[in-house]
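A.B. asks: Predicted model and sequence below, questions to follow.
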Amino acid sequence: MKKLPLILLMLSCTMLAACSGDKINAHSEKTAYRSVKMIKNHLQEDMRVEYEMSFWMIRDAKKDNAEFLAAVDGKKASEIIAMGKEIYEKRKAEGFAEYQQYKTWEEMMAKYDRDRIKQGKAKSDVKEKISDPKSGNRDVIYNM
């Protein structure tokens, strides 16, 4: 009887560790977004923007929820980034206007990295002034 609580504790710790992996859990849209956020927070700084942009490119490319969830379920960060690069290359070849201004994937990611850096600076440090000084909106909106 004394071993039962110990076994239950070990079992729950094992299950908890299994649930918080480095793969996206896309059983539902809500769990997918939660997984992406957790994974992004554990990535190196230089990979975060690339990972996030890739995820949203996949979301934009796959409008159907079931298709989107199937595409990202169980994927690691490196796989999501690879899928994002494929979408970028495909759309650039098709003449997608937003991507034509960039020569390469790396150039586009560097631009979005700079946008993120600007986003984190104080308003007086940013060259482009925000029209409403009381505005607390500091979200970066990407056009895809």
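C.D. replies: Cool, got the structure.
A.B. asks: okay, CA-based contacts and neighbour counts for the rest of this
C.D. replies: Fine.
A.B. asks: Tell me who's in contact with the residue nearest the centre of the chain.
C.D. replies: Geometric centre of the chain, nearest residue: Glu52, 2.2 Å, by C-alpha atoms, centre = their mean. By C-alpha atoms under 8 Å, 6 or more residues apart in numbering, Glu52 lies in contact with 36, 40.
A.B. asks: Remind me which helix or strand it belongs to.
C.D. replies: helix 45-61 (DSSP states H and E).
A.B. asks: Give me the next element, helix or strand, following that helix.
C.D. replies: By DSSP H and E, the next helix or strand past helix 45-61 is helix 65-72.
A.B. asks: Could you export the helix or strand just after that next one as CSV, CA atoms only?
C.D. replies: Downstream of helix 65-72, the first helix or strand assigned by DSSP H and E is helix 77-94. Only the C-alpha atoms of helix 77-94 are listed here, as CSV (Å, rounded to 0.1, in the frame of the first residue of the first chain):
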residue,chain,number,x,y,z
ALA,A,77,10.4,23.4,-34.9
SER,A,78,12.9,22.5,-37.6
GLU,A,79,10.2,20.7,-39.6
ILE,A,80,7.8,23.7,-39.3
ILE,A,81,10.6,26.0,-40.5
ALA,A,82,11.3,23.7,-43.5
MET,A,83,7.6,23.8,-44.4
GLY,A,84,7.6,27.6,-44.2
LYS,A,85,10.6,27.8,-46.5
GLU,A,86,8.8,25.5,-49.0
ILE,A,87,5.7,27.7,-48.9
TYR,A,88,7.9,30.8,-49.4
GLU,A,89,9.7,29.3,-52.4
LYS,A,90,6.4,28.1,-54.0
ARG,A,91,4.7,31.5,-53.5
LYS,A,92,7.6,33.5,-54.7
ALA,A,93,7.7,31.4,-57.9
GLU,A,94,4.0,31.9,-58.3
